[in-house]
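A.B. asks: Structure of the sequence below:
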Amino acid sequence: MTGSTEAYERYRAPEFRRLLAAARRSLERNGGEVKGSIGLANPTSAERTAVIGITGAYRSADVRRITIPLGALEESVRNVTGMSLRDVLERIGPELRFRADERTVLDQARQRIVAEGEASPLHAEHAWYRQWLAGLASDGTITALINKKDTHLFRQAVRVLEHLYNRPSDAPPIMLPVLADATTGDTKALNPGRGSLPTLVLRALAMARGVPLGSGAESRRDLWDAFDVIVDDLASRVLVLNLPATGQGLGQWLTDAAHYGTPFHITLHQLITLPIAVNLPTVYVCENPAVLRRAAGELGAGSPPLVCTEGRPSTAFHRLARLVVEAGGTLLYHGDFDWPGIDMTNQLRIRYHAKPWRMSAADYLSGVRADSDHVQLSGRRQDTCWEPELAEVMEREDRAVYEEAVADTLLADWSYESRIRSSEAQEVARDADNLSVVDV
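C.D. replies: Residues are numbered from 1 along each chain as shown. Take a look at the predicted model:
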């Protein structure tokens, strides 16, 4: 560039500020080409004088808008400074940004990111992944990552999702820092408040589950739990009743609690640090803690072994369920008669070969008759492979029946089972007494 400092410094004066800003916008919009006109609305006296000096044309003091060909400003600037208009603007700063070029570069960057996402095996295998990727592209998330130079976070999110979906179904739960280290090299990368990465991943996991992404810590922890990722091994827990077990510490506590018919919350931390064995032929599973509470209050120590998911199963529940099944036990599951409840039933059937209990079409219709809430079904219909008629009847009735509404029926079954066990125990005791008499 040529021209003295003094020459172009004059254009820093207030009367040129709006004029040069308009010139900058025009050049950036047109790729640096000097064409068209620029204007000033309600010019000040100083601005009007400056324009008169540039164009050599008089403008009256009451003029509402002044228009000037950009070429005239370019010629005037060259005459004064020996530099082009663009040179002067960039000397004053900042450098010009050509919008069309930037849009092209941004579009190309977006296409590269989307192509990388489409290259993942998850794209061909899962509709939720395609929905997630399309959402990121359409709502400006990918653009924001590009502008912030954070596109590596998108790649890391894909690696996290691939890692979770490539894990064997029988793999043990994984701690969040371990997952973060394995996929990003940073144990804290998936912690809350660590930028966009945790949100990108959780947004995908929520789509995979078909649930909205909550903003609270508990809902996010539950979402990680659903994929066997341990955020807090003290917060992940499972409620049980009459579940005796062997093992120092936790095994002793569970056995003592069963002796008194006392409900017991087991944390994931306890299951990890105080290993137990559960050798029971049958364990009932319910969804609503109100049902377990009634079993404890009405049956006490006479209730059969019972585990409560308290909604969607936690990582602690899954770890305990595996212990029961791996020892040869059978899970008998009862949940809500709604589509999410049926989905949970199907998941437990697939994962642990759990047997639906009191989950027949007849049980549902009985619940419909007894329930006065009349809550309409919502969500996507689920198949009931153990009894296809159930899904058909639920779709026809279009009524949800929640577990607490049929608790009387469940308690009646458990009470009968308790009386049978008590009778068998008394018979065994009598036989033992008779043998003792004979021996004498």
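A.B. asks: just the strands in the stretch 151-300 of the chain please.
C.D. replies: Secondary structure of the stretch 151-300 of the chain, counting by DSSP state E, counting those that start in this stretch: strands at 174-175, 229-230, 237-241, 264-267, 282-286.
A.B. asks: Just tell me which of these ends up closest to residue 35.
C.D. replies: strand 229-230 (57.7 Å; Cβ to Cβ). (Glycine included, C-beta is placed from N, CA and C.)
A.B. asks: Just list what that closest one packs against, helices and strands only.
C.D. replies: The contact analysis (3 or more Cβ pairs under 8 Å, 6 or more residues apart in numbering; DSSP states H and E) places strand 229-230 against strand 174-175, helix 176-184.
A.B. asks: how about TSV for the strands of the stretch 151-300 of the chain, with mean pLDDT, mean neighbour count and distance to residue 78 added?
C.D. replies: Formatted as TSV, the strands of the stretch 151-300 of the chain follow (pLDDT from 0 to 100; neighbours: other Cβ atoms under 10 Å; distance: least, Cβ to Cβ, whole Å):
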stretch	mean pLDDT	mean neighbour count	distance to residue 78
strand 174-175	88	17	67
strand 229-230	86	25	65
strand 237-241	96	23	77
strand 264-267	96	19	77
strand 282-286	97	24	84
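A.B. asks: Dump the ones you listed to a markdown table, plus distance to residue 407.
C.D. replies: Formatted as a markdown table, the strands of the stretch 151-300 of the chain follow (distance: least, Cβ to Cβ, whole Å):
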| stretch | distance to residue 407 |
| --- | --- |
| strand 174-175 | 36 |
| strand 229-230 | 32 |
| strand 237-241 | 14 |
| strand 264-267 | 20 |
| strand 282-286 | 9 |
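A.B. asks: Of all those, which one is nearest residue 123?
C.D. replies: Minimum separation from residue 123 across the strands of the stretch 151-300 of the chain (Cβ to Cβ) falls at strand 229-230, 21.9 Å.
A.B. asks: so what strands line up beside that closest one?
C.D. replies: Its sheet considered, strand 229-230 pairs with strand 174-175 (parallel) by DSSP bridges.
A.B. asks: Other residues contacting the strand it pairs with?
C.D. replies: Outside of strand 174-175, the residues within contact range by Cβ atoms under 8 Å, 6 or more residues apart in numbering are 167, 228-230, 233.
A.B. asks: Tell me which stretches of the stretch 301-440 of the chain form helices.
C.D. replies: For the stretch 301-440 of the chain, the helices defined by DSSP state H, counting those that start in this stretch occupy 315-326, 339-352, 361-370, 388-397, 407-439.
A.B. asks: For residue 59, find the nearest of those helices.
C.D. replies: helix 339-352 (71.9 Å).
A.B. asks: Now do the closest one: distance to the chain's middle.
C.D. replies: 20 Å (Cα atoms, centre = their mean, to the nearest Å).
A.B. asks: tell me which residues of it are tucked away?
C.D. replies: By neighbour count on 16 or more other Cβ atoms under 10 Å, the buried set for helix 339-352 is 339-346, 348-349, 351-352.
A.B. asks: Skipping adjacent residues, who's closest to residue 110 in space?
C.D. replies: residue 142 (5.5 Å; Cβ to Cβ, 6 or more residues apart in numbering).
A.B. asks: what's the answer for residue 204, then?
C.D. replies: Here the residue nearest residue 204, using Cβ to Cβ, 6+ apart, is residue 132, at 4.4 Å.
A.B. asks: phi, psi of the one you found?
C.D. replies: Dihedral angles of residue 132 (phi, psi; degrees, to the nearest 10) stand at phi -60, psi -50.
A.B. asks: Mind pulling up the pLDDT for residue 213?
C.D. replies: Looking at residue 213, its pLDDT stands at 84.
A.B. asks: For it, list the residues it contacts.
C.D. replies: Counting by Cβ under 8 Å, 6+ apart, residue 213 touches 199, 202-203, 206, 219-220, 223.
A.B. asks: What is the nearest of these to residue 111?
C.D. replies: Nearest to residue 111 out of the contacts of residue 213 is residue 203 (Cβ to Cβ; 21.1 Å).
A.B. asks: I'd say that closest one and residue 133 touch.
C.D. replies: No: here residue 203 does not reach residue 133: they are 10.8 Å apart, not a contact under Cβ atoms under 8 Å.
A.B. asks: In terms of neighbours, single out the busier of the two.
C.D. replies: Neighbours per residue (other Cβ atoms under 10 Å) separate residue 203 from residue 133, with residue 133 holding more: 22 against 18.
A.B. asks: Over to the closest residue to that one other than its chain neighbours. Which of the three states is it?
C.D. replies: Leaving aside its sequence neighbours, residue 133 sits nearest to residue 117 (Cβ to Cβ, 6+ apart; 4.5 Å). Classification of residue 117 using DSSP: H, G, I helix; E, B strand; the rest coil returns helix.
A.B. asks: before we move on, back to that, neighbours of the residue nearest to residue 110, how many?
C.D. replies: 23.
A.B. asks: I'd like the distance between it and residue 114.
C.D. replies: 7 Å (Cβ to Cβ, to the nearest Å).
A.B. asks: before we move on, back to that, packing partners of the helix or strand harbouring the residue nearest to residue 110?
C.D. replies: With elements taken from DSSP states H and E, the one containing residue 142 is helix 141-147. Counting contacts by 3+ Cβ pairs under 8 Å, 6+ apart, helix 141-147 is packed against helix 99-118, helix 151-166.
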